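J.: sharing a sequence plus its predicted fold:
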Amino acid sequence: MNAVRCILFNFLFYCVWTPLICIGLMPSLIMPRPFPVAVARFYLDGVYYLEKYVLGLDYEIRGIEHRPTDGEAYLVAAKHQSAYETTKLLRLFGDPTIILKRELLWLPLFGWFLQRMEVIALDRGNRNAALASLYKGAKKMKADKRPIVIFPQGTRVAVDATTTEKPYKSGIIKLYSEVGLPILPVALNSGVYWPRNSFWKRPGKVIFEFMPMIPAGLPADEVLKSLETQIEAASRRLVEEGRKAIGV
């Protein structure tokens with residue numbers, strides 16, 4: 001039964017819903033930014049309902065009291081285990097920007113919508129240029145009072161991968177020190193249900209856990225260590241909880 005659900009979901013997601021929105025609502029790209037943002041919300045809401053009613057996959061937020069109110073700028077340092085959490089950013093953080101690799105902007109249609117969402121795109125082949133664009137984009141988002149999402153390990157990480165294999169990178173701390181924003185650490189267990197680079201998904205409930213904010217202005221080394229310790233411990237706990245829930 002789950003195999004049928006996965007096949008149906010992937011067909012609807014890749015062959016129906018995504019091309020329908022990207023092509024059918026392409027005119028919004030030439031309109032003021034609120035229009036493509038509304039299209040993105042509509043698209044991602046549709047993805048959520050496909051996940052919930054076709055895959056049987058939903059989510060829960062814990063520690064919501066730690067998240068600042070809308071209209072505030074802060075850094076979101078989130079664990080990254082699958083594509084699942086990237087489709088929930090507008091639901092979780094209002095109108096965030098996300099730090100991603102520049103190549104994603106070159107994707108036809110999808111990349112064009114990303115550009116209109118005003119993401120911070122980095123040229124990972126040029127370190128100095130990447131840092132300059134990172135700081136410039138982050139300062140603009142701070143002025144616009146928008147959250148900035150960054151994945152500290154820089155890529156999707158398998159649920160059992162260690163920080164020795166996939167270490168936390170210094171980019172989050174350089175950004176923290178340069179821009180002067182607090183950090184909201186976020187743990188999750190999405191990889192239990194939606195493994196990275198996998199066609200097959202599992203039904204269940206992904207947990208997002210928001211932890212207490214790390215205030216701006218603390219020593220960089222202490223912040224990176226605290227961030228890694230908190231996120232890793234909470235994510236391991238959530239992964240175990242998820243595995244027990246589905247019996248794997």
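T.: It's in. Numbers count the residues shown, from 1 in each chain.

J.: the longest helix in the protein is where?
T.: helix 220-246 (DSSP state H).

J.: what sits against Cys6?
T.: Residues in contact with Cys6 (C-beta atoms under 8 Å, 6 or more residues apart in numbering) are Leu55, Phe199, Trp200, Lys201. In this view, the C-beta of every residue, glycine as well, is placed from N, C-alpha and C.

J.: residue contacts, the second one?
T.: Neighbouring residues of Phe199 by C-beta under 8 Å, 6+ apart: Cys6, Asn10.

J.: and it, helix, strand or coil?
T.: Recorded secondary structure, Phe199: coil (DSSP: H, G, I helix; E, B strand; the rest coil).

J.: how near is it to Ser177?
T.: Here Phe199 is placed at a distance of 41 Å from Ser177 (C-beta to C-beta, to the nearest Å).

J.: quick one on the thing from earlier: return the member of the contacts of Cys6 nearest to Met211.
T.: Checking the contacts of Cys6 against Met211 by C-beta to C-beta gives Lys201 as the nearest, at 26.3 Å.

J.: excluding residues flanking it in the chain, which one is nearest that closest one?
T.: Once flanking residues are discounted, Lys201 sits nearest to Trp194: 4.9 Å by C-beta to C-beta, 6 or more residues apart in numbering.

J.: please apply the same query to Ser170.
T.: Nearest one to Ser170, counting by C-beta to C-beta, 6+ apart, is Leu224 at 7.2 Å.

J.: sorry, back to before: out of the contacts of Cys6, which are buried?
T.: Buried subset of the contacts of Cys6 (neighbour count, 16 or more other C-beta atoms under 10 Å): Leu55, Lys201.
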